[in-house]
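A.B. asks: fold the following for me, if possible:
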Amino acid sequence: MTATVELKRKSLQIRMDLLRIIHRAKMGHTGGSLSNTDVLTTLYYSVMRHDPKNPKWQGRDRFIASKGHSVESLWCILADLGYFPKEELETYCQFGTRLIGHPNNKVPGIEMNTGALGHGLSVSVGMALAGKKDQRDYRVFCLMGDGEQAEGSVWEAAMAGAHYGLDNLIGMVDRNRLQISGSTEDVMGMDPLDSKWEAFGWRVEQI
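C.D. replies: Here you go, the predicted model:
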């Protein structure tokens, strides 16, 4: 079995797991979590350096879920990898749980609390810049939503990332064209999105 097939199977498992916890809790962001599952699965099972047994390992790559409302896929992946017991997924969005509807840094594997959109890339720039100054080779991965691109703070951070030459910073936009108010293009049109990021000094790849 090839690595690609294994990742596809794992992604399907994570999708089933996140649908179960959303159905059990009767709340959650189904669409956003389903659309980011392939990205997160690839990062955590194939790309990022991390250690569930040592979540604060200094050499780890950092992941920031800037679109923090789509946390269900992330909870399921962290549980599957052993950051916390998988049985804890059953407590998702229940009273007193750590597994709330946004990333919560009381949970091992979570770098920062996110929820208010537009903040994740700014913090990621800071983490990447700190890595450069400390002469560490970790990378910082930041996943943003496409509706989030309407936040001015995203572009301030994009400008800073290019200015400081942060080649250890990877920004990703989940371009599912939906946000809470409807189509992203009806709420605030952003095409051509790739050209905008290139104009801010970033190397852009579309997948």
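A.B. asks: which SS state does the nearest residue to G145 once chain neighbours are set aside fall under?
C.D. replies: Leaving aside its chain neighbours, G145 sits nearest to K67 (3.7 Å; criterion: Cβ to Cβ, 6 or more residues apart in numbering). For the C-beta atoms, the positions are set from N, CA and C on the backbone; glycine is no exception. Under DSSP: H, G, I helix; E, B strand; the rest coil, the three-state class of K67 is coil.
A.B. asks: K67: what's it in contact with?
C.D. replies: Counting by Cβ atoms under 8 Å, 6 or more residues apart in numbering, K67 touches G32, N36, T114, L117, G120, L143, M144, G145, E148, D174.
A.B. asks: and which of those is nearest P103?
C.D. replies: Nearest to P103 among the contacts of K67, counting by Cβ to Cβ, is T114 at 5.0 Å.
A.B. asks: pLDDT score for the spatially closest residue to that closest one that is not a sequence neighbour?
C.D. replies: Closest residue in space to T114, ignoring its immediate chain neighbours: G68 at 3.2 Å, by Cβ to Cβ, 6+ apart. If you check G68, the pLDDT there is 94.
A.B. asks: can you get me a residue count around G68?
C.D. replies: By the measure other Cβ atoms under 10 Å, the count of residues near G68 is 26.
A.B. asks: over to L78?
C.D. replies: Other residues within reach of L78, judged by other Cβ under 10 Å, total 26.
A.B. asks: likewise for the one 4 residues further on?
C.D. replies: Residues near G82, counting by other Cβ under 10 Å, number 13.
A.B. asks: where do the helices sit along the chain?
C.D. replies: 3-25, 30-42, 72-81, 120-133, 152-163, 184-188, 193-199 (DSSP state H).
A.B. asks: centre-most residue in the chain?
C.D. replies: The geometric centre of the chain, computed from its C-alpha atoms, lies nearest to A65 (Cα atoms, centre = their mean), at 3.1 Å.
A.B. asks: out of the contacts of K67, who's nearest K86?
C.D. replies: For those, the nearest to K86 is N36 (20.0 Å; Cβ to Cβ).
A.B. asks: hmm, back to that, what residues does the residue nearest to T114 make contact with?
C.D. replies: Residues in contact with G68 (Cβ under 8 Å, 6+ apart) are H102, P103, N113, T114, G115, L117, G120.
A.B. asks: T91: which of the helices of the chain is closest?
C.D. replies: Among the helices of the chain, helix 3-25 comes nearest to T91, with 9.0 Å by Cβ to Cβ.
A.B. asks: can you give me the buried ones in the closest one?
C.D. replies: Buried residues in helix 3-25, defined by neighbour count with 16 or more other Cβ atoms under 10 Å: K10, S11, I14, R15, D17, L18, L19, I21, I22, A25.
A.B. asks: save these as JSON lines, and put in distance to L81 too.
C.D. replies: Below are those laid out as JSON lines (distance: Cβ to Cβ, whole Å):
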{"residue": "K10", "distance to L81": "10"}
{"residue": "S11", "distance to L81": "14"}
{"residue": "I14", "distance to L81": "11"}
{"residue": "R15", "distance to L81": "16"}
{"residue": "D17", "distance to L81": "12"}
{"residue": "L18", "distance to L81": "14"}
{"residue": "L19", "distance to L81": "19"}
{"residue": "I21", "distance to L81": "16"}
{"residue": "I22", "distance to L81": "20"}
{"residue": "A25", "distance to L81": "21"}
